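Undergrad: the following block contains a protein sequence and its predicted model.
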Amino acid sequence: MNITLKYFSWIRVKLKKSHDLIEFNQTISFKELKNNLISKDAIYQEIFEDKSVKFFLNLKEIDDENQILNNGDILAFLPPVTGG
Amino acid sequence: MIKITNESFDLETELKNVSSDTNGAYSFFLGTVRSDLSSSNKKIKGIYLECYEELALVQLKKIRGKALNNWKLNQCLIIHRIGKLDLGEKIVLVITASSHRADAIEACEFVIDNLKIDVAFWKFHLFDNDEKEIVLQKNFDNEKMLKWKDIIN
């Protein structure tokens, strides 16, 4: 199962990349993905602890950490926006 | 009409795009890159605008839809630039058109206030040495949204 992660603004700068493609052997929840990423790199701890960061799965904001991720999903990490 | 583009735009052309004999009033918001000092007190030479385009288009359509539903508008146009912009360049254009001025003016303000806090664009200040600095969201922009809370929810 493949999930694409997209990073923006300070998250992209801090991670030094705009996206990741990660593979899992089985279906996982957003919460499990979060814990997996934090265990790999401490930067993710900072990202997930920042309450101003929003997470969008396939262009819809995640409001339940137990939401299941599926093959081909795109998960975006969005800091507060500053357009206009 | 909604457009996200790395090209500049012409005001007169865009006005023609929403012109109609049924319109008696147009309201414009044009945002430009201003000469400013960064949070570290350095003079900026321009900005860089990052965007999650697929999401920004969905969010802009939603805001435009709310404007059309809540005010008597004939047209609502939103254009937002992305990429590298120099001082003085146009960033964003909102045009609302209606039969009477009150609807056009208020809807235009609603669209730009929403865009500033709810659409996937991020600004960076640019400096002479190619250094970039992330621009942070302003409390003022969030506080201003309280005016529209009945329409958003």
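TA: Right, received. Where do you want to start? Numbering: from 1, shown residues only, chains lettered A, B, ... in the order given.

Undergrad: only C-alpha atoms for contact and neighbour calcs from this point on.
TA: Noted.

Undergrad: and the pLDDT at B:Lys147?
TA: Listed pLDDT for B:Lys147 reads 87.

Undergrad: what about the helices in chain B?
TA: According to DSSP state H, chain B carries its helices in the segments B:11-18, B:53-70, B:101-118, B:139-144, B:149-152.

Undergrad: among those helices, which is the most enclosed?
TA: Most buried of the helices of chain B, by mean neighbour count (mean count of other C-alpha atoms under 10 Å in any protein chain shown): helix B:101-118, with a mean of 21.

Undergrad: residue contacts, residue 9?
TA: Picking chain A for this. Contacts for A:Ser9 (C-alpha atoms under 8 Å, 6 or more residues apart in numbering or on different chains) come out as A:78-79, B:50, B:122, B:134.

Undergrad: try chain B instead
TA: Residues counted as contacts of B:Phe9 (C-alpha under 8 Å, 6+ apart) are B:Lys90.

Undergrad: report the central residue of chain B.
TA: B:Val92 (4.2 Å; C-alpha atoms, centre = their mean).

Undergrad: tell me the pLDDT of the residue of chain B positioned farthest from its centre.
TA: Of all residues in chain B, B:Asn129 sits farthest from the chain's C-alpha centroid, using C-alpha atoms, centre = their mean; the distance is 28.2 Å. Looking at B:Asn129, its pLDDT is 82.

Undergrad: returning to what we had before: how about the contacts of A:Ser9 in CSV, adding neighbour count?
TA: Formatted as CSV, the contacts of A:Ser9 follow (neighbours: other C-alpha atoms under 10 Å in any protein chain shown):
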residue, neighbour count
A:Leu78, 24
A:Pro79, 24
B:Glu50, 20
B:Trp122, 26
B:Ile134, 18
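
Undergrad: how about the helices of chain B in CSV, adding distance to A:Lys31?
TA: As requested, these are exported to CSV (distance: least, C-alpha to C-alpha, whole Å):
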stretch, distance to A:Lys31
helix B:11-18, 46
helix B:53-70, 22
helix B:101-118, 24
helix B:139-144, 28
helix B:149-152, 29
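
Undergrad: let me have those helices in JSON lines, extended by distance to chain A.
TA: Output for the helices of chain B, formatted as JSON lines (distance: least, C-alpha to the nearest C-alpha, whole Å):
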{"stretch": "helix B:11-18", "distance to chain A": "17"}
{"stretch": "helix B:53-70", "distance to chain A": "6"}
{"stretch": "helix B:101-118", "distance to chain A": "5"}
{"stretch": "helix B:139-144", "distance to chain A": "9"}
{"stretch": "helix B:149-152", "distance to chain A": "16"}
